[in-house]
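Colleague: for reference, the sequence and a predicted model appear below.
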Amino acid sequence: MLQCLSAKRYSSIKLLINVWNCECLYKNTRNIHNVGLEDIPKITVTNIRKILRQKGFAVQDGFTSLISKCTLCSGEEKTSGSKIYINKATGYFLCPKCNIHGNWNILERLLKKTKGEAFIKEIRETSHKDFEKVQNDWQGVVNETISLSKLNETEMLDLCRLFEYPYHPETNKILADVRISPDHTILYFPLKNTLDNIVGYRKVQAGKEDESEHYGLHTAGLYSCKAPKVGRSDQAILVPTIQDVLYLAGHKVPGTLIWLTNCSLPPIVLPVLENYQKLCLWGDWDNMRAVAEKLGEDRCRFVRPTDGLVTATEAAIANLSLKTLVSEAKPAAHRSITTFAAIRDDVYAELTNIEKMKGIKWRRFPALTRLLGGHRRGELTVLTGPTGCGKTTLCAEMSLDLAQQGVNTLWGSFEIRNSRLARTMLQQFAGIPLEQNLQDFQKYADDFQKLPIYYLAFHGQQPIKIVMEAVEHARYMHDIAHVVIDNVQFMLGLADERDGDRYQRQDAVIAAFRTFATARHCHVTLVMHPRKERESEDLSTSSIFGSAKASQEADNVLIVQDKRLTAVRGKKYLQVAKNRYSGDLGIVPLDFDKDSLSYQPKKKNKAKQDEPDKLLNQCFEEFSVKESNYVSDFENKPYKQKEQKHRDVTSNGNSYLSDILHLNRTR
């Protein structure tokens, strides 16, 4: 008895220790990609310009930055060639020469010298060490690799076949500054800043081209090249893949060719493109639209899809003239659209790219993809359901599915802590109960941390103005394409106000996010509670708490219907109650897996026959085959050898069959 009690007590203590260790490990994810109020600049371009001029610095107005002289590069006040770029939207500054960078509050302290020379010396030493580390890392790569310019024609052809790059006789000249490993399986692309200094590199491995890794100084550089014997330095062409770069170079398209991975442009990279008067964007318009907004729509041109051909690679394979398409690039945005002729090309592009216009497809929820078509930018989705039905868990998995496909996501969880939300998403990402597999936590956490998921550092009731400032800041800094707010009622709080005032506040929140989704071309998902309905009644679009504005403004309305407590065989399913894109409505069954915290439908295995029936059918099949062979033996003598070969097997099958039949008779 005592041994039994001690064993139970030991198991209970062991379980508590495991849970405590798991909680401690999960707490490490609390600060992953948090976006707080301290990150939001509280200063305008006018104030930045005013402060610089008060300190005696001349200010030049650029496309995306304010440009001034940097006196931090050395002790001398007049340093030739040193410029500091200050982003107009966020105040983030960068000096390409001394590599000092940071938020506006740091630059303001440097200008005012509130901390004296010691603070300036510390900033210089830190930046100098970071830059030296980058230089040493790249020098190590150079020592262990060789340049593509040293490869002969046969080696270059084999390399292009391995990486699936287009081959051109001058490919090794185009990629002359690219390094390759001795076994010819890894490429290293140098990333350069506005002074052509290498500040990082991109590593691409054969077979894993979509999983390129970045190394260096906060990715403050871009990879660029030019076609041989082609001029024009005032134009740059931005494309999403290195294949596009090689095709454009092979067609002698004038201008600098820039590889823009994932169409992402952090503010620290914008100074690299400051000197170009004309920028041509060629790729998926959904992604390039945010790029054009950052770079300045006045100098951006966009290559419209031709007959469904979106990228330069697709156009080159179709034997179209890339030079002509670039020269015919049209403005990225229409200032005033009054006729159909102004948007005719856009309509044709949508018709010829109907699959891509449907959006990014959910891999975990194929049934939802069939109804909605996919996840599209610029839309507003409302998700509702009864209390405790799993709205947050479902929304977390849906956003995780998109983030794994490269959709930059911002989570605003006002009801639960970010650490608890990250724990749920991490377990969905791993697909196993992590509290029972703590030895694998570091591996899954490292992979999960690479996903483009960011969290608002808010909890509980928050003013809508502060929330929208944080959302707008995160969208600009991290190229956010999907914003999730969980949930609207919790963000509004329970203030001592009349119901009518509360409805007005909720309508203001919905209107703000509706405007943000449309103006910033970003998808917004709002999780909302329904009104208290009878448990026997199904929820509908009119069940959403508040006025009818939420259902009216939303492009998609998703309702979690939970019938498990009202019916013996009740099920839980997701109902698509509104679909403005295609109008398709329907339901998606939801089966919850507690181990992985996932609603992902399980793969159906083929129905297996019971073992006795399977063996019995096998015996009948063998018996019939051998009997036919035996009969044919009298008609055709060549079959004697075949019948003799299977005689032992036939006798075994007959005896086994008789045993089974005899066993059934005795029962």
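Modeller: Looks like it arrived, so ask away.

Colleague: next up, the contacts around the closest residue to residue 553 other than its chain neighbours.
Modeller: Nearest residue to residue 553, sequence neighbours excluded (C-beta to C-beta, 6 or more residues apart in numbering): residue 514, at 4.6 Å. Where C-beta positions appear, they are placed from N, C-alpha and C, glycine not excepted. By C-beta atoms under 8 Å, 6 or more residues apart in numbering, the residues touching residue 514 are 380, 524, 553.

Colleague: counting contacts, what elements does the lengthiest helix in the chain pack onto?
Modeller: Scanning the chain for the helix with the most residues, using DSSP state H, yields helix 116-144. Here helix 116-144 touches helix 104-112, strand 198-205, strand 213-216, going by 3 or more C-beta pairs under 8 Å, 6 or more residues apart in numbering; DSSP states H and E.

Colleague: what's the most buried one of those?
Modeller: The highest mean neighbour count among the helices and strands packed on helix 116-144, using mean count of other C-beta atoms under 10 Å, belongs to strand 198-205: a mean of 20.

Colleague: which residues sit against that one?
Modeller: 99, 131, 134-135, 137-138, 141, 163, 185-193, 211-217, 219-221, 223, 242, 261.

Colleague: which parts of the longest helix of the chain are buried?
Modeller: For helix 116-144, burial by neighbour count (16 or more other C-beta atoms under 10 Å) applies to 120, 123, 124, 127, 130, 131, 134, 138, 141.

Colleague: likewise stretch 142-155?
Modeller: 145, 148, 151.

Colleague: take those residues and lay them out in CSV including pLDDT.
Modeller: Converted to CSV, the buried residues of stretch 142-155 look like this (pLDDT from 0 to 100):
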residue, pLDDT
145, 93
148, 91
151, 89
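
Colleague: which among the residues you listed gets closest to residue 284?
Modeller: Nearest to residue 284 among the buried residues of stretch 142-155 is residue 148, at 28.4 Å by C-beta to C-beta.

Colleague: from residue 165, how far out is the residue nearest to residue 313 when sequence neighbours are not counted?
Modeller: What sits nearest to residue 313 in space, not counting adjacent residues and going by C-beta to C-beta, 6+ apart, is residue 243, at 4.8 Å. Distance from residue 243 to residue 165, counting by C-beta to C-beta, to the nearest Å: 6 Å.

Colleague: so among the buried residues of helix 116-144, where is pLDDT lowest?
Modeller: For the buried residues of helix 116-144, the model is least confident at residue 120; its pLDDT is 71.

Colleague: wait, doesn't that residue sit right on residue 98?
Modeller: No. With contacts counted by C-beta atoms under 8 Å, residue 120 stays clear of residue 98, the gap being 11.2 Å.

Colleague: overlap in contacts, the two.
Modeller: Common neighbours of residue 120 and residue 98 (C-beta under 8 Å, 6+ apart) are residue 72.

Colleague: show me the strands in the stretch 301-450 of the chain, by range?
Modeller: Here the stretch 301-450 of the chain has its strands, by DSSP state E, counting those that start in this stretch, at 330-331, 380-384, 409-413.

Colleague: CSV for the ones you listed, including mean pLDDT and mean neighbour count?
Modeller: Below are those laid out as CSV (pLDDT from 0 to 100; neighbours: other C-beta atoms under 10 Å):
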stretch, mean pLDDT, mean neighbour count
strand 330-331, 82, 12
strand 380-384, 94, 24
strand 409-413, 94, 24
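
Colleague: compare these and give me the one nearest residue 534.
Modeller: strand 380-384 (16.0 Å).

Colleague: list of residues touching that closest one?
Modeller: The contact list for strand 380-384 (C-beta under 8 Å, 6+ apart) reads 391, 394-395, 513-514, 517, 523-530, 539, 543-544, 550-551, 553-560.

Colleague: C-alpha coordinates for that strand, PDB please?
Modeller: Provided in PDB are the C-alpha atoms of strand 380-384 (Å, rounded to 0.1, in the frame of the first residue of the first chain):
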ATOM      1  CA  LEU A 380     -11.900  42.300 -43.500                       C
ATOM      2  CA  THR A 381     -12.800  39.000 -41.900                       C
ATOM      3  CA  VAL A 382     -15.000  38.600 -38.800                       C
ATOM      4  CA  LEU A 383     -14.800  35.300 -36.800                       C
ATOM      5  CA  THR A 384     -17.400  34.700 -34.100                       C
END
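
Colleague: so which of the strands of the stretch 301-450 of the chain is nearest residue 461?
Modeller: Nearest of these to residue 461, taken as C-beta to C-beta: strand 409-413 at 12.8 Å.

Colleague: okay, now the sheet partners of that closest one, with direction.
Modeller: strand 453-456 (parallel), strand 482-486 (parallel) (DSSP bridges).

Colleague: and the longest one with strand 380-384, angle?
Modeller: The reference is to strand 482-486. With axes from the mean of the first three to the mean of the last three C-alpha atoms, to 10 degrees defining the directions, strand 482-486 sits at 30 degrees from strand 380-384.

Colleague: for the helix or strand just after strand 482-486, which helices and strands make contact with it?
Modeller: With elements assigned by DSSP states H and E, the helix or strand that comes after strand 482-486 is helix 488-492. In terms of contacts (3+ C-beta pairs under 8 Å, 6+ apart), helix 488-492 is packed against helix 499-519, strand 523-528.

Colleague: just give me the lowest mean pLDDT stretch among the ones you listed.
Modeller: Confidence, taken as mean pLDDT, is least for helix 499-519 of those (a mean of 85).

Colleague: just give the closest residue to the residue nearest to the spatial centre of the chain, not the sequence neighbours.
Modeller: The centroid of the chain falls nearest to residue 406 when counting by C-alpha atoms, centre = their mean (2.0 Å). Nearest residue to residue 406, sequence neighbours excluded (C-beta to C-beta, 6+ apart): residue 262, at 5.9 Å.

Colleague: do the same with residue 97
Modeller: residue 82 (4.7 Å).

Colleague: now swap in residue 150 and tell me
Modeller: Leaving out its chain neighbours, the residue that sits closest to residue 150 by C-beta to C-beta, 6+ apart is residue 172, at 8.0 Å.

Colleague: so that neighbour sits against residue 151, correct?
Modeller: Yes. In terms of C-beta under 8 Å, residue 172 counts as a neighbour of residue 151; the distance is 5.6 Å.

Colleague: can you give me the neighbour number for residue 275?
Modeller: Neighbour count for residue 275, taken as other C-beta atoms under 10 Å: 13.

Colleague: look up how far residue 67 lies from it.
Modeller: Distance, residue 275 to residue 67, using C-beta to C-beta: 10 Å.

Colleague: for residue 567, grab the count of nearby residues.
Modeller: Residue 567: 9 neighbours (other C-beta under 10 Å).

Colleague: what's the pLDDT at it?
Modeller: Looking at residue 567, its pLDDT stands at 74.

Colleague: okay if I get the helices and strands packed on helix 116-144 as a markdown table plus distance to residue 602 and mean pLDDT?
Modeller: Putting the helices and strands packed on helix 116-144 into a markdown table (distance: least, C-beta to C-beta, whole Å; pLDDT from 0 to 100) gives the following:
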| stretch | distance to residue 602 | mean pLDDT |
| --- | --- | --- |
| helix 104-112 | 51 | 80 |
| strand 198-205 | 33 | 89 |
| strand 213-216 | 33 | 78 |
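
Colleague: got a markdown table for these, with distance to residue 325 too?
Modeller: Formatted as a markdown table, the helices and strands packed on helix 116-144 follow (distance: least, C-beta to C-beta, whole Å):
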| stretch | distance to residue 325 |
| --- | --- |
| helix 104-112 | 40 |
| strand 198-205 | 26 |
| strand 213-216 | 30 |
